[in-house]
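1. With the input below, show me the fold.
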Amino acid sequence: MRLGIVTNRYPVGPNDTASPFVKDFVSALRERKTSVSIFTPAYLIDKIDDDPEVFRFPWAGSAVPIGSLDFRSPVNWYKLANFLYCGRKAAVPFAINYDVDYLLALWALPSGYFARYISQRMGIPYSVWCLGSDIYRWADKPVFGLLTRQVLYGADHLFGDGFDLCQKVEMLTGRECPFLPSARRRDQRTILPKAEFNRFFYLGRLEREKGIEDLLIAFSYVAKRRSAVLEIAGGGSLAKQLPKRIEELKIDDSTRFLGRISEKEAATHLRRASCVIIPSHSDSIPLVLTEAVCCGTPVIATDVGDLGYLVRKFNLGKVVPPRDPKVLAQAMFEFIEEKRNFDPAASGLLELLDVNRAADDFLKRIGRQRSSRELRAPLKSLIG
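-> Next comes the predicted model:
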């Protein structure tokens, strides 16, 4: 099988933190003797790939990731239209040049839009791996929701990287959607004992739906009454506004904005932190949860998607309601006062969220269908 993976983001190198689980998943598939090529948009921050199996198509808005565009601006609607046009234009040549005979779209939108287009034009079957924002954020929007449903209905198989997410996809489509974790490779990381309980860390996209504003307000309450430190790492549409907001809340003495950091730097901060804050308004199972667990660092997370369920089940830390800075602040106060040692690394969660398991489950499921029917004719015969 020659698999084509269609994805919104694909890391350039080991220190690129843009959807790093995708590269680990590709590596796991290749270890299982599956040929994999990648179709993904180009961004100005990207460097030239060493991997010849990665194709990055150019588009007009490549200075900002497609998922970070603010559609309240008319200019960004043009960028979206250009993105879809350029992706469609490049999609079929990608499938031909890389001799793809099966497609996996990561995110129903926009990746599934391109996979469905290739499938309609060339008869190549595709599956969709739903990863949270495509369903939680876009599925109920008038235009985007229609596109999402069309993509899901046309797919051979549907997968979701969260249990709650899988249920929502099944309700939306009336089709089975098994769990497929978006997981990282686990390395042997040194777990540092927690000698202090007042160092908080946020790692993730700086977008409104990630709850970063809630965290800043909550920490402003904490910093007035306790000695504490907040470190924030990541990039996104709110990155330029963040320093000003930190200054407005008068927490600049105790808050450090790190911007985008490398994978190695992220691991260092995760180990050093007393607690990782995940204040999302909507989410499935964010990668930062498993990263924190790998480093033995507890979390305070909002009760959205599978976050609350997993934090409670595996005793990973505290759970708070979303969009409530005061309750989040109270949980941070309690964490400082209790000085309680959690042991997330021994929780069993990492066995559930395993990239090798994800690769095996995916190949097994699509393999059953491929062996039960004749696949399309070779590409060259289809194009004359």
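
2. tell me the contacts of residue 283?
-> By Cβ atoms under 8 Å, 6 or more residues apart in numbering, the contact set of residue 283 is 132, 136, 210, 302, 304-305, 307. (C-beta placed from N, C-alpha, C; glycine too.)

3. can you confirm it is in a strand?
-> No: read with DSSP: H, G, I helix; E, B strand; the rest coil, residue 283 is coil and lies in no strand.

4. Now do it against residue 341, distance only.
-> Separation of residue 283 from residue 341 (Cβ to Cβ, to the nearest Å) stands at 26 Å.

5. what does residue 270 give?
-> 16 Å.

6. Look at these two and report which has more neighbours.
-> The neighbour count for residue 270 versus residue 341, taken as other Cβ atoms under 10 Å, is higher for residue 270 (22 against 10).

7. tell me the contacts of that one?
-> Contacts of residue 270 (Cβ under 8 Å, 6+ apart): 201, 203, 276, 291-292, 294-295, 297.

8. Ok, residue 135 next?
-> Residue 135 sits in contact with 108, 148, 160, 165, 168-169, 172, where contact means Cβ under 8 Å, 6+ apart.

9. okay, those in a markdown table with secondary structure and pLDDT next?
-> Shown next, in a markdown table, are the contacts of residue 135 (DSSP: H, G, I helix; E, B strand; the rest coil; pLDDT from 0 to 100):
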| residue | secondary structure | pLDDT |
| --- | --- | --- |
| 108 | coil | 96 |
| 148 | helix | 95 |
| 160 | strand | 97 |
| 165 | helix | 95 |
| 168 | helix | 95 |
| 169 | helix | 97 |
| 172 | helix | 94 |
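
10. Select from these the one having the most neighbours.
-> Neighbour max across the contacts of residue 135 (other Cβ under 10 Å) = residue 108, 30 neighbours.

11. I figured that residue hits residue 130, correct?
-> Yes: counting by Cβ atoms under 8 Å, residue 130 is a contact partner of residue 108 at 5.6 Å.

12. shared neighbours, these two?
-> With Cβ under 8 Å, 6+ apart as the test, residue 108 and residue 130 both reach residue 152.

13. May I have stretch 261-273 as CSV, with CA atoms only?
-> In CSV, the C-alpha atoms belonging to stretch 261-273 read as follows (Å, rounded to 0.1, in the frame of the first residue of the first chain):
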residue,chain,number,x,y,z
ILE,A,261,10.0,26.9,21.9
SER,A,262,11.7,23.7,20.7
GLU,A,263,10.7,20.2,21.7
LYS,A,264,13.7,19.9,23.9
GLU,A,265,13.0,23.2,25.6
ALA,A,266,9.3,22.2,26.1
ALA,A,267,10.4,19.0,27.8
THR,A,268,12.7,20.9,30.1
HIS,A,269,9.9,23.3,31.1
LEU,A,270,7.4,20.4,31.5
ARG,A,271,9.7,18.6,33.9
ARG,A,272,10.5,21.8,35.9
ALA,A,273,6.9,22.9,36.3
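
14. Could you list the buried residues of that stretch?
-> Within stretch 261-273, the residues that qualify as buried by neighbour count (16 or more other Cβ atoms under 10 Å) are 261, 263, 266-267, 269-271, 273.

15. quick check: domain ranges of this structure?
-> 2-184+354-382, 199-350 (automatic domain parsing).

16. mean pLDDT for the ones you listed: which is lowest?
-> Confidence, taken as mean pLDDT, is least for domain 2-184+354-382 of the domains of the chain (a mean of 88).

17. returning to that earlier point: turn the contacts of residue 135 into TSV, including distance to residue 51.
-> Shown next, in TSV, are these (distance: Cβ to Cβ, whole Å):
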residue	distance to residue 51
108	25
148	29
160	27
165	29
168	33
169	30
172	34
